[in-house]
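J.: Any chance you could fold what I've pasted below:
(2 chains)
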Amino acid sequence: MKLTGSQILLESLRLEGVETVFGYPGGAVINIYDDLYDSPIKHILTRHEQAAVHAADGYARTTGEVGVVIATSGPGATNTVTGIATAYMDSIPMVIITGQVPTALIGNDAFQEADICGITRPCTKHNFLVQDLRDLPRMIKEAFFIARTGRPGPVLIDLPKDIQVASMKFNYPETVKMRGYKPTIDGDERQIGKAAQMILKAKRPVLYVGGGASLANADQELLKLAELLQVPVTTTLMAMAAFPGEHPLSLGMLGMHGTYFANMAVTECDLLVAIGARFDDRVTGRIDAFAKKAKIIQFDIDPSSIHKIIRVDLPVVGDLESVLTSLLRQLDEKPQDISIQIEQTSAWRKEISGWKAKHPMGYQASKSVIKPQYVIEKLSELSNRDAIITTEVGQHQMWAAQFFKFRQARTFLTSGGLGTMGYGLPAALGAQVAFPDRQVIDISGDGSFQMNSQELATLVQYRLPVKIAILNNNFLGMVRQWQQLFFDKRYSQTCMELPIDFVKLAEAYGATGLSTDKVDDVETVIKKAFEVDGPVLMEFKVSREENVIPMVPAGKGIHEMVLAS
Amino acid sequence: MKHTISVLVENEFGVLARVAGLFSGRGFNIESLSVAPTLEPDTSRMTIVTRGDDRILEQITKQLNKVISIIKVVDFTDEEYVERELALVKVTAESDSRAEVLRIVDIFRAKVVDVTPKSYTIEITGAPGKIDAALVLLTPLGIKEVVRSGPVVIGRGSKGVSN
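T.: All right, here's what the predicted structure looks like:
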């Protein structure tokens, strides 16, 4: 039996195990949408293509599966770009299918034509323009393989309209054969052995964990490693949920807005073990002051991450789950060395406890005005253990990382690399689609929220009970903070002059809106929101000029923190 | 430091743009680039001349290896290799200078491939340094146009670079 290109696409998606796609129809994908009408695949109609991509990204980050998006040609395709770049920077597995004008019209400036393969080349792991229907099944197979293996990432398939309509006999390939793509999985045993030796010799070791640990589902191995050797763990923004926030060995986040004790521990350590972390500038501060007393071991799936920013003493390339499992196996063979190691590092842990006591994470509490950090603490306290938190980008994002105590892997979705405002709401939408019965909370700011607030409509349409907590300071707070500290309080274009009635906005879409400016009401509002069986927007009118502290000013080493505003 | 890199790629849509885009997007420089299919029609070979210190070259090689359409990357810098470039040079050649141009052609074992009463077009093959030297000598005579292919390289010895 012959199938059309669009039927082949949907059948291939089904064979890849895709149950849900996010998207937005249009002229160049109308055939796909016609076939979708009869397909078992569930489609979520967002209100903007960018949101469809973030939603698929949220779906992918919580489930570990490949998120799938369909968008039309031209503006539909270009609207996906920010979402794709966001996923690319954070290594999120995704397949984006865009419609394209018929092959005969490509290059003619046809209606709704955009060279989306050209545009997304630098922000996809790979992309395909389908020029012949016979290539389509292979390309879809390869797209999913590329997206989910190695260092994951988004892959785009540009599918011209005439190819969607053409038909042929369909056979889905069972294997992929690509000469240019063979990701390493197992790490080199000898290198791992050397790493074990270095770790056992260290007197002041620290594990520096990044998003790669989450992506590789290596959180359990990480916990075992930390507990086996009693090594303190600091995580990047991308890995906050990869290690339990309340664990005694947790140092919280490091870097520009990291904790005092994490930054001091990294500065003073004699061995830094980077696990799926890429030495981002927001983490390292001034690079020549970063961990300069330490030998560095780097575990990473991506060879190009090794020695990119900093020369490391021992690199190990491989899948982190496999590498850490093998490291644990090698360590398990040396129980005596482990006891000696725990003994010889006890002074180090004591020193870190001293730093924790000297400058714990905190803020100046208030009875008269809501402190944003207080709202985060309350959300952390009142939410379920398996609640999924998303954020937008800015001060609220940093406070979420600093004050929410994450308890479970894949529960913190945030745009770390690209720093995309407007990410959190659609990502929450996608996470809620993946887990209809779990609490999903978008921690937001008033600025970021307005970048994709149209998705309230999608939440209501699909009865997705996402809870939104807007920390409203009527400012673009992070930029305002920089202007305060480094530009003499010249608040150029950071004051959102017009106060928005967020309650009415929620209600206009058919969602529930709650608002308060009273400290005593914070808990009540959160509890009430959690009880509502539908989407709720909570607005907390917070102290307007609160700063994110600690802060490492640009160009400084991470030990040179500003500790008070 | 100058490096010459051979890159075997899938001979497919957009592959040149992927390589060129990678260099420009990451701030690497391309001094020259030449590309043509190999014996296998589905594989092309690029020769790229670039500059950078060891750290940059390590990144260039690793980033190239990450591109899905790239099959193999070989940095020839520390290898023994033969390097050849082709230049076509259109030189002014009127009565008084015609003989001098031909002498230079002879010295550099070049070839005249087109003649008019006012010009010679010369084909010069060799390592880039040889072409540079010929151009230095031809310049005073009046060069109207130069086209250089950029070098291609192949390793010395019996072993070949294969996919």
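
J.: Tell me where chain B has strands.
T.: B:2-10, B:32-37, B:43-51, B:70-75, B:81-92, B:111-116, B:119-126, B:143-148, B:152-155 (DSSP state E).

J.: what's the answer for the stretch 451-565 of chain A, then?
T.: Ranges of strands within the stretch 451-565 of chain A are A:467-472, A:512-516, A:536-541, based on DSSP state E, counting those that start in this stretch.

J.: Would you list the phi and psi of the closest residue to residue A:383 other than its chain neighbours?
T.: Excluding the flanking residues, the one nearest residue A:383 by CB to CB, 6 or more residues apart in numbering or on different chains is residue A:439, at 5.5 Å. Placement of C-beta: from N, CA and C, glycine included. Main-chain torsions, residue A:439, degrees, to the nearest 10: phi -70, psi 130.

J.: Can you tell me how far residue A:439 is from residue A:458?
T.: 18 Å (CB to CB, to the nearest Å).

J.: Which residue of those two possesses the greater neighbour count?
T.: Higher neighbour count among residue A:439 and residue A:458: residue A:458, with 26 against 21, using other CB atoms under 10 Å in any protein chain shown.

J.: So for that one, what's the pLDDT?
T.: We have a pLDDT of 98 for residue A:458.

J.: do the same with the one 10 residues further on
T.: Residue-level confidence at residue A:468 comes out at 98, pLDDT.

J.: what sits opposite it in the beta ladder?
T.: residue A:442, residue A:537 (DSSP bridges).

J.: pretty sure it is touching residue A:532, no?
T.: No - Residue A:468 is beyond contact range of residue A:532, at 11.8 Å (criterion: CB atoms under 8 Å).

J.: quick one: residue B:77 and residue B:3 touch, right?
T.: Yes - Residue B:77 is in contact with residue B:3 according to CB under 8 Å; the separation is 4.7 Å.

J.: Mind checking which of the two has more residues around it?
T.: Taking other CB under 10 Å, residue B:77 and residue B:3 do not tie; residue B:3 has more neighbours (19 against 13).

J.: List the contacts of that one.
T.: Contact analysis of residue B:3 by CB atoms under 8 Å, 6 or more residues apart in numbering or on different chains lists B:49-52, B:57, B:60, B:75-77.

J.: got it, and residue A:279?
T.: By CB under 8 Å, 6+ apart, the neighbours of residue A:279 are A:287, A:290, A:308-310.

J.: Please repeat the previous calculation with a cut-off of 6 Å.
T.: A:309-310 (CB atoms under 6 Å, 6 or more residues apart in numbering or on different chains).

J.: Residue numbers of the stretch 301-450 of chain A in contact with chain B?
T.: A:303-304 (CB under 6 Å from any CB of the partner chain).

J.: so what secondary structure elements neighbour the helix or strand encompassing residue A:224?
T.: Following DSSP states H and E, one finds residue A:224 within helix A:219-229. The helices and strands touching helix A:219-229, judged by 3 or more CB pairs under 6 Å, 6 or more residues apart in numbering or on different chains; DSSP states H and E, are helix A:320-332.

J.: and the angle for the following helix or strand past the helix it packs on with helix A:219-229?
T.: Counting by DSSP H and E, the next helix or strand C-terminal to helix A:320-332 is helix A:335-344. With axes from the mean of the first three to the mean of the last three CA atoms, to 10 degrees defining the directions, helix A:335-344 sits at 70 degrees from helix A:219-229.

J.: Could I get the phi/psi values of residue A:425?
T.: According to degrees, to the nearest 10, residue A:425 has phi -70, psi -50.

J.: quick one on the thing from earlier: okay, residue A:468 and residue A:532: which has more neighbours?
T.: A direct count of neighbours by other CB under 10 Å for residue A:468 and residue A:532 places residue A:468 higher, at 29 against 13.

J.: ok, that one - contacts?
T.: A:442, A:444, A:537.

J.: again, 8 Å this time
T.: By CB under 8 Å, 6+ apart, the neighbours of residue A:468 are A:425, A:428, A:441-442, A:444, A:449, A:535-538.
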